[in-house]
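Asker: what's the 3D shape of this:
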Amino acid sequence: MDFMDLEKTQANINFIPCITWVKRGVAKPDPERVKLTSEELTAVIKQTKKDLSELENESEGEEKENKVVTENTKPEVVSNVKSKSSEKKDKTDAEVMAEYGLDDYDEEEEGAEGAARLLGLGDLTAYSDPKEDPYLSALDKDIGDEDEEDMEDFKIRGTDNLILAGHVEGDSSTLEVYVYNDVEDALYIHHDILLPSFPLALEWLSFDPESDTRGNLVAVGTMQPVIEVWDLDLVDCLEPVFRLGRKARKKKGIPGVGHKDAVLSLSWNTNCDHVMASGSVDQSVLLWDLTNQTVASKITSHKEKVQSIAFHPLEGHTLVTGCCDNTVRVFDCRTVDQHKKWVVGGEVERVIWDHFNPYCCLASTDQGQVQYIDVRKDSGPVWTLSAHTQAVTGLSMSTQCPGCITTVSQDKVLKVWDISGESPQFVCERDVKLGQLQTVVACPDAPFVVCMGGDKSSDNMKVLDIRDSAQVRSRFGKRQLQNPLKTAEFGFATADEAEPGEDMETEAVISLGSMTLGSGVTVEVKKAPVSGGAISKFKKKNKEKKTKKKF
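Answerer: Numbering: from 1, shown residues only. A predicted model of the protein is given here:
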């Protein structure tokens with residue numbers, strides 16, 4: 001594809017490359033709004049212009065270096081172009097001026113007061129106060145005033161989860177912060193953050209080096225080598241809380257710190273909360289000390305780009321990595337030069353730990369396989385599952401239901417599996433109509449809720465309770481729930497206790513709506529109140545709706 005075709009395609013790009021959840025109870029009930037003074041905003045504008053100017057100068061320098069190579073290529077083509085152009089009759093200056101109306105080009109039309117005039121790109125961010133900008137109409141000048149807002153939606157309740165989604169639309173990249181409440185059937189965007197580059201990885205963390213209390217932060221890996229960490233409790237913020245790494249600047253002689261290429265994967269160490277790991281296209285894994293934002297250690301054992309990493313949920317020193325050299329590696333971060341490795345059937349897309357079986361992990365590949373590895377054994381995977389026809393781009397395990405995993409793929413299908421036995425068992429599948437699926441992540445507090453992202457421009461993100469499938473209810477309904485990750489308790493021992501079968505309830509109410517006992521006493525049977533768990537958002541009021549929601 002040539003450059004022009006790429007530009008045309010980029011304008012239509014609209015997809016979700018990465019998603020993560022924020023568990024309940026960690027976000028501030030009333031997030032803070034950042035309100036800058038005119039002086040502060042002016043300083044930000046000036047600094048932004050300076051940064052953009054430096055980037056343009058660097059890119060121009062690179063273009064000049066490459067220009068020498070291209071100037072002397074295909075000289076015969078250049079001569080042909082010159083000969084053809086010389087055949088055309090050049091227009092005079094007067095003809096050009098008349099054709100394009102250049103005589104009065106610099107004369108601005110005086111409109112009514114407050115009318116918008118021609119917008120010059122150089123003046124786009126020159127005014128910190130919208131009321132001072134002569135290019136804005138009277139209506140646009142009032143945008144700076146704070147609108148009336150539904151404060152109830154702005155506040156975050158203790159029963160709310162946050163969903164963080166990296167969103168790419170055309171050449172714009174944003175981090176969207178959603179509020180999800182399964183009890184009240186609520187899902188809406190709370191606020192968003194403009195990102196400087198294409199997002200590739202998101203990782204929530206609660207360690208704030210500048211505070212004595214637990215924070216609510218997200219680390220963002222992008223096409224740039226620098227990792228940005230944003231405060232989710234601040235709305236309308238313009239800058240991250242801190243950055244990990246620094247891009248090298250050859251002209252100024254400033255060396256780079258951290259990665260040298262795009263950051264593909266992130267993992268925060270929940271057992272040693274000042275440590276975070278990052279995997280990159282530069283074939284390295286870095287261990288960051290968040291206290292002072294420095295590189296504590298570097299792992300260089302990989303032969304290709306590192307696409308996925310995950311710290312062990314129970315052992316803080318153990319890290320699993322998935323690499324494009326078809327290898328899964330497990331490191332003891334106390335001695336990073338040594339590791340164990342297993343060759344799998346393709347480039348590794350995702351790796352996760354089985355938190356119900358702490359000695360095992362799972363890996364998915366670009367060949368559509370999922371493989372289960374026992375890290376105590378040096379032999380190959382315990383089992384290999386041909387899960388999809390194309391790359392398995394998303395792999396997630398329920399936080400509280402043992403053996404329940406969900407996979408998504410570029411084949412546009414979501415599948416649910418039971419891996420609690422000696423071999424994996426297929427449970428159900430669904431075309432979620434999101435295009436090619438990029439990621440799936442399980443909710444930390446609701447054991448059967450997942451969120452997935454795809455590349456369909458009109459609909460690219462969905463939250464789904466997999467218990468909407470009869471096969472899932474039949475397979476996992478009676479399974480005893482556990483909570484090894486210490487997330488919010490589900491409130492019921494099994495899924496069936498939380499949500500009795502709808503058809504069974506209906507039949508019971510019809511047949512036992514009133515029951516006459518032998519003694520002649522009539523007992524009225526009332527339907528028990530249904531729990532407000534995640535499945536409540538899928539309760540159907542009629543058979544027609546129920547049919548539409550089935551897998």
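Asker: quick one: the strands in the stretch 101-250 of the chain?
Answerer: With DSSP state E, counting those that start in this stretch, the ranges of strands along the stretch 101-250 of the chain come out as 161-169, 172-181, 186-194, 199-205, 217-222, 227-231, 234-235, 242-244.
Asker: Which one, of those, ends up nearest to Trp417?
Answerer: Nearest to Trp417, of all these, is strand 161-169, at 23.2 Å by CB to CB. (C-beta placed from N, C-alpha, C; glycine too.)
Asker: helices and strands around that closest one, which ones?
Answerer: With contacts defined as 3 or more CB pairs under 8 Å, 6 or more residues apart in numbering; DSSP states H and E, the secondary structure elements packing on strand 161-169 are strand 14-22, strand 172-181, strand 186-194, strand 199-205, strand 449-454.
Asker: same for the longest one, what does it pack against?
Answerer: Counting by 3+ CB pairs under 8 Å, 6+ apart, the packing neighbours recorded for strand 172-181 are strand 161-169, strand 186-194, strand 199-205, strand 217-222.
Asker: ok, back up a step: now, of the helices and strands packed on strand 161-169, which is deepest in the fold?
Answerer: Mean neighbour counts were compared across the helices and strands packed on strand 161-169 using mean count of other CB atoms under 10 Å; the top stretch is strand 449-454, at a mean of 25.
Asker: what element comes up after it heading to the C-terminus?
Answerer: strand 461-465 (DSSP states H and E).
Asker: Could I get the buried residue list for stretch 375-390?
Answerer: Of the residues in stretch 375-390, those buried under the neighbour-count criterion (16 or more other CB atoms under 10 Å) are Val375, Pro381, Thr384, Leu385, Ala387, His388.
Asker: any idea how far Trp417 is from the residue nearest to the fifth one when sequence neighbours are not counted?
Answerer: Meaning Ala387. The shortest distance from Ala387 to any residue that is not its chain neighbour, by CB to CB, 6 or more residues apart in numbering, is 4.7 Å, and that residue is Val370. In this view, Val370 and Trp417 are 8 Å apart by CB to CB, to the nearest Å.
Asker: Can you pick out the residue with more neighbours from the two?
Answerer: Counted by other CB atoms under 10 Å, Val370 and Trp417 do not tie: Val370 has more neighbours, with 26 against 21.
Asker: for the more buried one, which residues make a bridge with it?
Answerer: Ser364, Leu385 (DSSP bridges).
Asker: Just the CA coordinates for stretch 479-493, please, in PDB.
Answerer: Only the C-alpha atoms of stretch 479-493 are listed here, as PDB (Å, rounded to 0.1, in the frame of the first residue of the first chain):
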ATOM      1  CA  ARG A 479     -19.500 -24.600  40.400                       C
ATOM      2  CA  GLN A 480     -18.200 -23.300  43.800                       C
ATOM      3  CA  LEU A 481     -16.800 -19.800  43.500                       C
ATOM      4  CA  GLN A 482     -13.500 -18.800  45.000                       C
ATOM      5  CA  ASN A 483     -11.700 -15.500  45.400                       C
ATOM      6  CA  PRO A 484      -7.900 -16.000  45.400                       C
ATOM      7  CA  LEU A 485      -7.300 -12.400  44.100                       C
ATOM      8  CA  LYS A 486      -9.200 -10.900  47.000                       C
ATOM      9  CA  THR A 487     -11.500  -8.800  44.800                       C
ATOM     10  CA  ALA A 488     -15.000  -7.700  45.800                       C
ATOM     11  CA  GLU A 489     -17.000 -10.700  47.000                       C
ATOM     12  CA  PHE A 490     -19.700 -11.900  44.600                       C
ATOM     13  CA  GLY A 491     -22.100 -12.500  47.400                       C
ATOM     14  CA  PHE A 492     -23.100 -16.000  46.500                       C
ATOM     15  CA  ALA A 493     -21.500 -19.400  46.700                       C
END
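Asker: contacting residues around it?
Answerer: Identification of contacts with stretch 479-493 by CB atoms under 8 Å, 6 or more residues apart in numbering yields 23-25, 313-314, 355-356, 399-404, 420, 444-447, 494-495, 498, 531, 533.
Asker: thinking again about what came up before, joint contacts of Val370 and Trp417?
Answerer: The contact sets of Val370 and Trp417 overlap at Leu385, Ala387, Ile405, Thr407, Pro424 (CB under 8 Å, 6+ apart).
Asker: Out of these, which sit inside strands?
Answerer: When the shared contacts of Val370 and Trp417 are checked against strands (DSSP state E), the matches are Leu385, Ile405, Thr407.
Asker: quick one: the second one and Leu362 touch, right?
Answerer: So that's Ile405. Yes. The criterion here is CB atoms under 8 Å, and Ile405 meets it with Leu362 at 7.1 Å.
Asker: what touches both of these two?
Answerer: Here Ile405 and Leu362 share the contacting residues Val370, Leu395, Met397, Ile419, scored by CB under 8 Å, 6+ apart.
Asker: Pick out the one among those residues with the largest number of neighbours.
Answerer: Across those, neighbour numbers were computed from other CB under 10 Å; Val370 holds the maximum, 26 neighbours.
Asker: which ones are touching that residue?
Answerer: Residues in contact with Val370 (CB under 8 Å, 6+ apart) are Leu362, Ala363, Ser364, Thr384, Leu385, Ala387, Val392, Leu395, Ile405, Thr407, Trp417, Pro424.
Asker: do Pro209 as well
Answerer: So Pro209 contacts Phe242, His274, Leu290, Thr291, Asn292, Gln293 (CB under 8 Å, 6+ apart).
Asker: quick one: Asp98 is in a strand?
Answerer: One correction, residue 98 is Ala, not Asp. No. Assignment of Ala98 by DSSP: H, G, I helix; E, B strand; the rest coil gives helix, placing it outside any strand.
Asker: That one: neighbouring residues, count only.
Answerer: Neighbour count for Ala98, taken as other CB under 10 Å: 12.
Asker: Is Ala94 located within a helix, as I assumed?
Answerer: Yes. Counting by three-state DSSP, one finds Ala94 located in a helix.
Asker: can you list the helices and strands packed on strand 161-169 in JSON lines and add distance to Arg214?
Answerer: Listed next are those as JSON lines, based on distance: least, CB to CB, whole Å:
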{"stretch": "strand 14-22", "distance to Arg214": "12"}
{"stretch": "strand 172-181", "distance to Arg214": "18"}
{"stretch": "strand 186-194", "distance to Arg214": "20"}
{"stretch": "strand 199-205", "distance to Arg214": "10"}
{"stretch": "strand 449-454", "distance to Arg214": "23"}
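Asker: can I get the ones you listed in CSV with distance to Ile299 and mean pLDDT?
Answerer: Rendered in CSV, the data for the helices and strands packed on strand 161-169 read as follows (distance: least, CB to CB, whole Å; pLDDT from 0 to 100):
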stretch, distance to Ile299, mean pLDDT
strand 14-22, 22, 97
strand 172-181, 27, 96
strand 186-194, 30, 94
strand 199-205, 17, 97
strand 449-454, 28, 97
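Asker: quick one, which of the ones you listed is nearest to Val226?
Answerer: Closest to Val226 of these is strand 199-205 (CB to CB; 12.6 Å).
Asker: partner strands of the closest one, parallel or antiparallel?
Answerer: Strand 199-205 pairs in its sheet with strand 217-222 (antiparallel), by DSSP bridges.
Asker: what residues does the strand it pairs with touch?
Answerer: Applying CB under 8 Å, 6+ apart, the set of residues contacting strand 217-222 from outside is 20, 22, 164, 166, 173, 175, 195-208, 227-232, 240-241, 244, 262-266, 268, 276, 278.
Asker: Convert it to PDB, retaining C-alpha atoms only.
Answerer: What follows is the C-alpha trace of strand 217-222 in PDB, where atoms were taken according to Å, rounded to 0.1, in the frame of the first residue of the first chain:
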ATOM      1  CA  LEU A 217      -3.500   5.600  38.200                       C
ATOM      2  CA  VAL A 218      -3.100   4.000  34.700                       C
ATOM      3  CA  ALA A 219       0.100   3.400  32.800                       C
ATOM      4  CA  VAL A 220      -0.100   3.700  29.000                       C
ATOM      5  CA  GLY A 221       2.200   2.100  26.600                       C
ATOM      6  CA  THR A 222       2.200   3.600  23.100                       C
END
